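# Below: sequence and its predicted model.
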Amino acid sequence: MILVKEYSIRSAKGGYDDNFSYLVTCSESGQQCIIDPALPYDNFKSFINGALSAIIITHTHGDHIAHLKDYIRTNPKAVILSHPMSKSIIQSKNNQAVYHLEEFKMGQLMFQFIHTPGHYTDSICATMKNILFTGDTLFVGRTGRVLSPGSNINDLYDSVYNQLLKMNPDTIIYPGHDYGNQPSISLKENISISPLLQAESEQDFIHRMDQYEKNRSNGW
């Protein structure tokens, strides 16, 4: 659990493939949100004060929304924040589309959303203070992969290199899976340890991704 004066972040790991879900609390107002309901509601039940204000969906791959219905049932007034393309999958009257660079205020905390297609068409990242929740766009040690329908490597390059890596290097990423040697990391440190974040051009990135997939069993 990360606890500072303005907010706290409690994480839980499990789900389909070492998924992370995050409970973010505004210390002043007590308002809370869940980022990616990949884990059962009971993982956070004892830490939720009343009812959630929001549920943030980084993208609609099944493992990231596996328990969404339970969160909706137990928090019927919570607004569901997702990319406009997620609407047909989420199918909730409380779904609220968030567009690129749109903001959402929860108590004294301000979230800003960044559309980051590449791993999937409706992928978004959410910034809050010096925190970046990256879903499957960026992990500790590497980027997301582009093997499934809705993936696009050119879009991923643009999302990672032209948006995320241009943020403050001290920004701390909180990814959607525990795939690295630590659960979270600064952008600066992540670049230093990941060949996929050191490409000199888009073509170089595509080449590095190709090599990563070919050598995946070597534990890059």
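All right, it came through fine.

# Let me see the contact set for the spatially most central residue of the chain.
The residue lying closest to the centre of the chain (CA atoms, centre = their mean) is Gly135, at 2.4 Å. Applying CB atoms under 8 Å, 6 or more residues apart in numbering, one finds that Gly135 lies in contact with Asp36, Thr58, His59, His64, Thr116, His119, Ser123, Ile124, Cys125, Gly144, Pro175, Gly176. For the C-beta atoms, the positions are set from N, CA and C on the backbone; glycine is no exception.

# hmm, try it at 10 Å
20, 35-36, 56-59, 61, 64, 116, 119-120, 122-126, 144, 174-177 (CB atoms under 10 Å, 6 or more residues apart in numbering).

# So which of those residues are in strands?
Judged by DSSP state E, strands contain the following of the contacts of Gly135: Phe20, Ile35, Ile56, Ile124, Cys125, Ala126, Tyr174, Pro175.

# Let me have those in CSV, extended by neighbour count.
Shown next, in CSV, are those (neighbours: other CB atoms under 10 Å):
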residue, neighbour count
Phe20, 24
Ile35, 26
Ile56, 25
Ile124, 28
Cys125, 25
Ala126, 24
Tyr174, 23
Pro175, 27
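
# Which single one of those residues is nearest to Val4?
When the ones in strands among the contacts of Gly135 are compared for distance to Val4 (CB to CB), Tyr174 comes out closest, at 13.9 Å.

# Mind checking the pLDDT average for the longest helix seen in the chain?
With secondary structure taken from DSSP state H, the chain has its longest helix at helix 202-214. Helix 202-214 shows a mean pLDDT of 96.

# Give me the contacts around that helix.
With contact meaning CB under 10 Å, 6+ apart, helix 202-214 is reached by 142-143, 145-147, 153-154, 156-158, 160-162, 194-201, 218, 220.

# mind listing the helices in the protein by residue range?
68-74, 87-90, 153-162, 187-193, 202-214.

# Point out the most buried one among those.
helix 153-162 (a mean of 19; mean count of other CB atoms under 10 Å).

# Determine how far that helix lies from the middle of the whole chain.
Relative to the centre of its chain, helix 153-162 is centred 16 Å away, using CA atoms, centre = their mean, to the nearest Å.

# what's the answer for stretch 92-108, then?
That offset, for stretch 92-108, works out to 15 Å (CA atoms, centre = their mean).

# So what would you say the end-to-end distance of that stretch is?
26 Å (CA to CA, to the nearest Å).

# Pick out the most distant pair among the ones in strands among the contacts of Gly135.
Among those, Phe20 and Ile124 lie farthest apart (CB to CB), at 15.6 Å.

# From Leu68, how far off is Thr121?
Thr121 sits 18 Å away from Leu68, going by CB to CB, to the nearest Å.

# ok, Pro40 - contacts?
Per CB under 10 Å, 6+ apart, neighbours of Pro40: Ala12, Gly14, Gly15, Ser21, Ala66, His67, Asp70, Tyr71.

# Would you mind measuring from the third one to Ala38?
Using CB to CB, Gly15 is found at 4 Å from Ala38.

# hey, what's in contact with both of those two?
What both Gly15 and Ala38 touch, as defined by CB under 10 Å, 6+ apart, is the set Ser21, Asp63, His64, Ala66, His67, Gly176, His177.
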